[in-house]
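[1] sequence unknown, structure follows:
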């Protein structure tokens, strides 16, 4: 099992097909998780934010994709890093993309740890 961190929507060859195929095989196939929606949202609202797509992969398949974005905000006068699902605030639905629940469950704590390290 490997955890990969992608920073753009086009890091895989034919990324759109790859993404939507994962989504169609997932437990939660929703329009607000499609490649088209997320990339269009990112093009118009992603300025000033950092995109990260964390994946859990093994030699056969991708079992989990976590699309998150990082931004800076002020909390009580102090600058903090805010982590949220990509397209938060403008999408009615955000979630992990899970294609294999058992594999994803084995690595999700590592993914959460990676997200927290970056914040």
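    Looks like it came in fine. Note that this is a predicted model, so its numbers are computed, not measured.
[2] shaky segments in this structure?
    12-13, 119 (pLDDT under 70).
[3] okay, which residue is most central for it?
    Taking CA atoms, centre = their mean as the criterion, residue 67 is the residue nearest the geometric centre of the chain, at 0.9 Å.
[4] so what secondary structure elements neighbour the helix or strand hosting that one?
    Secondary-structure element containing residue 67, defined by DSSP states H and E: strand 62-75. Under the contact criterion of 3 or more CB pairs under 8 Å, 6 or more residues apart in numbering; DSSP states H and E, the helices and strands touching strand 62-75 comprise helix 15-24, strand 50-57, strand 78-85, strand 97-98, helix 101-118. Where you see a C-beta, it was placed from the backbone N, CA and C, and this is true even at glycine.
[5] now residue 8, nearest residue through space, not along the chain?
    Nearest residue to residue 8 in three dimensions, chain neighbours excluded: residue 51, at 6.9 Å (CB to CB, 6 or more residues apart in numbering).
[6] what angle do the strand holding residue 67 and helix 101-118 make?
    Per axes from the mean of the first three to the mean of the last three CA atoms, to 10 degrees, the angle that strand 62-75 makes with helix 101-118 is 30 degrees.
[7] which positions within strand 62-75 qualify as buried?
    With burial defined by 16 or more other CB atoms under 10 Å, the residues of strand 62-75 counted as buried are 62, 63, 64, 65, 66, 67, 68, 69.
[8] my guess is the fourth one contacts residue 38, does it?
    To tie it back to what came earlier, the one meant is residue 65. No. Counting by CB atoms under 8 Å, residue 38 is not a contact partner of residue 65; they are 10.6 Å apart.
[9] now do the same contact list for the residue sitting furthest away from the middle of the chain.
    Note on the chain: the largest separation between a C-alpha and the mean C-alpha position, by CA atoms, centre = their mean, falls on residue 77 (28.8 Å). For residue 77, the set of contacting residues under the criterion of CB atoms under 8 Å, 6 or more residues apart in numbering is empty.
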